[in-house]
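> build me a model from this:
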Amino acid sequence: MARIVGVHGVGKQRLGSNTLSKDWEPALADGLERAGGPKIAPGDLRMAFYGDLFRPPGHDLSLSPGDPFLTADDVDEGFEADLLMEWWSACARTDPAVPPPGADDTLARSPRAVQTALRVLQHSRFFAEISLRALVFDLKQVRRYLTDPELRAEARNRVAAAIGPDTRVVVAHSLGSVVAYEALCASRSDHQVRALVTLGSPLGMRMVFDRLLPEPGAWPGPVPEPRWTNIVDEGDVVAAVRDLTLLFGTGVAGKVVHNGSHAHDATLYLTAKETGRAVTEGLSAA
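I've put the predicted structure just below:
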């Protein structure tokens with residue numbers, strides 16, 4: 001089994017474990033090299049893939065393959081609208097060109113507020129290259145994972161199945177950090193993982209934290225407890241709460257990296273020395 005398991009983030013529904021491995025493996029190899037860590041051997045990295053759980057089913061004679069054509073009208077009230085507003089607020093804190101949400105819009109969570117938020121975000125640095133339908137689809141992926149018990153269980157099972165007796169490090173990006181955290185919590189006595197490395201994680205957002213299953217307690221795992229390193233770019237809107245110690249305790253080591261204009265990009269996180277160092281520590285832990 002693989003010594004390192006990677007867990008992808010949101011928006012990968014049309015890819016797969018093999019296509020993701022082609023990006024993750026060389027990027028992580030660069031991060032390890034920069035940290036003076038070991039080289040990755042064939043089979044050392046395995047991707048746990050759950051993205052297809054969000055992929056719309058195909059049908060005959062489709063004129064619109066891929067994600068559905070979603071608009072502002074498809075953003076559901078409640079979780080999706082609230083998450084959208086959180087992203088808007090986070091963008092305003094990191095991008096001088098983004099105005100903060102207005103009091104009326106944020107209090108009402110009205111269709112007007114949703115339309116305004118989507119328009120503002122599409123003109124922000126962070127979301128500029130993301131289409132409207134992809135942005136709305138991402139909102140729905142996060143909401144579905146946290147509210148659909150069957151989908152959630154299957155995603156967690158896929159991560160758990162990828163973790164074998166030889167696995168020492170789990171590296172998880174974006175929504176994948178939520179899936180990985182929950183999978184490790186649920187199987188605390190069944191793995192030998194020595195390090196969890198989260199990249200661009202939304203785990204610190206209250207609307208995510210308050211819905212975690214099982215409920216957060218002491219960081220789980222066999223003795224000795226796994227090292228947890230949370231790595232974030234200051235411009236990463238998805239990781240709106242950068243300091244996870246506020247909710248998960250002082251055992252989480254926080255590291256800041258600089259990914260440039262693509263703050264949330266998984267491969268840029270993987271090439272960082274800080275990521276390579278955290279993975280190296282996990283591989284060398286007893």
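> helices of the chain, residue ranges please.
For the chain, applying DSSP state H gives helices covering 17-34, 79-94, 103-108, 111-122, 132-147, 149-162, 175-186, 206-209, 245-248, 266-271, 273-284.
> contacts for stretch 7-21?
Residues from elsewhere that reach stretch 7-21, judged by Cβ atoms under 8 Å, 6 or more residues apart in numbering: 6, 45-55, 66-67, 134, 137-138, 141-142, 159, 170-177, 179-180, 200, 238, 264, 266. The C-beta positions use only the backbone N, C-alpha and C, and glycine is treated the same way.
> which among those residues end up buried?
Neighbour counting by 16 or more other Cβ atoms under 10 Å classes 6, 45-51, 53-54, 67, 134, 137-138, 141-142, 159, 170-177, 179-180, 200, 238, 264, 266 among the contacts of stretch 7-21 as buried.
> ok so, going back, out of the helices of the chain, which is the most enclosed?
helix 175-186 (a mean of 25; mean count of other Cβ atoms under 10 Å).
> who are the packing partners of that one?
strand 4-7, helix 132-147, helix 149-162, strand 169-173, strand 195-199 (3 or more Cβ pairs under 8 Å, 6 or more residues apart in numbering; DSSP states H and E).
> switch the ones you listed over to TSV; also include distance to A285 and mean pLDDT.
TSV is the format used below for the helices and strands packed on helix 175-186 (distance: least, Cβ to Cβ, whole Å; pLDDT from 0 to 100):
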stretch	distance to A285	mean pLDDT
strand 4-7	13	98
helix 132-147	29	89
helix 149-162	19	96
strand 169-173	9	97
strand 195-199	7	96
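> will you turn these into JSON lines that also has distance to D95?
Converted to JSON lines, these look like this (distance: least, Cβ to Cβ, whole Å):
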{"stretch": "strand 4-7", "distance to D95": "28"}
{"stretch": "helix 132-147", "distance to D95": "15"}
{"stretch": "helix 149-162", "distance to D95": "31"}
{"stretch": "strand 169-173", "distance to D95": "21"}
{"stretch": "strand 195-199", "distance to D95": "21"}
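> going by mean pLDDT, which of the helices of the chain comes out lowest?
Among the helices of the chain, helix 103-108 carries the lowest mean pLDDT, at a mean of 47.
> ok, T267 touching A29?
No. T267 lies out of contact with A29 (Cβ atoms under 8 Å); the separation is 11.2 Å.
> show me what contacts the residue nearest to S261 when sequence neighbours are not counted?
In space, S261 comes closest to R125 once its chain neighbours are excluded; the distance is 6.4 Å by Cβ to Cβ, 6 or more residues apart in numbering. Residues near R125 by Cβ under 8 Å, 6+ apart: 95, 97, 235, 261.
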